[in-house]
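J.: Fold the following.
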Amino acid sequence: MSRMDRKEAMAIFQASPIYAITAEPLSQGRTDIEVAEQILESGIKLLQYREKHKSGKEMYADCQKLRELTQKHHAVFIVDDFVDLALAAGADGVHIGQDDLPPEAVRHLVGNRMLVGFSTHNARQLTASNALGDMIDYIGCGPVYPTQTKECPSPVTGLDYIRYASEHATHPFVAIGGIKAGNIADVRAAGAKTCALVSEIVGAADIPAMIAQLR
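T.: Numbers count the residues shown, from 1 in each chain. Predicted coordinates:
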């Protein structure tokens, strides 16, 4: 399947206040596909597939379906960690962490066709990300609050790091980690234009109602 133009995908990123991330174990018995359908039908334009425990074959099948859904809704589809899976599925982007392939290597693999997101957790890492220039398109900043969506989360950064990023990041950034309906306004006030949410959305009994509340 064809992917979205990189510039168009970045424009959607910058216009999106909510960045939704899948987490099947937290989805109240629903599949990633079922949850994604509700997320996209609610108007969310940024969707990341995050999966750690399925086989490559299972993840590819998921991503094929998610690629179809995101194209239908003209939404940006990003795959977490797996560059090969992102390429094979025709995703619009891939998001990598500090311990994954280096951004320069990822950009070499994906060329200029895809967004590359890069997680940062402190001022030192943010400064290093600034120096990457066009190797990456956006950065993640967090975890802002404690989170159970990762097995070994990085230390909580708090809102101070979001304020720092809003002043010093040369790439657009998304705040992530423990963001919920009760604190998203504080994260936005600290300078985050885009906030990533996982359990608050995928674990909601009524996903469209939760997204409306977050907005």
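J.: List the buried residues of the biggest helix by length in the chain.
T.: Of all segments of type helix in the chain, defined using DSSP state H, the longest is helix 56-72. Buried residues in helix 56-72, counted by 16 or more other C-beta atoms under 10 Å: 59-60, 62-63, 65-67, 69-71. C-beta here means a position set from N, CA and C on the backbone, and glycine is covered the same way.
J.: Tabulate those in a markdown table, adding columns for distance to Glu200 and pLDDT.
T.: What follows is the buried residues of helix 56-72, written out as a markdown table (distance: C-beta to C-beta, whole Å; pLDDT from 0 to 100):
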| residue | distance to Glu200 | pLDDT |
| --- | --- | --- |
| Met59 | 23 | 97 |
| Tyr60 | 28 | 98 |
| Asp62 | 21 | 98 |
| Cys63 | 23 | 98 |
| Lys65 | 23 | 98 |
| Leu66 | 20 | 98 |
| Arg67 | 25 | 98 |
| Leu69 | 21 | 98 |
| Thr70 | 20 | 98 |
| Gln71 | 26 | 97 |
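J.: hang on, the earlier thing: elements contacting the longest helix of the chain?
T.: The helices and strands touching helix 56-72, judged by 3 or more C-beta pairs under 8 Å, 6 or more residues apart in numbering; DSSP states H and E, are helix 32-41, strand 46-49, strand 76-80, helix 83-89.
J.: tell me the contacts of the most centrally placed residue in the chain?
T.: With distances taken as C-alpha atoms, centre = their mean, Gln48 lies nearest the centre of the chain, 4.8 Å away. Neighbouring residues of Gln48 by C-beta atoms under 8 Å, 6 or more residues apart in numbering: 19-22, 78-80, 95, 196.
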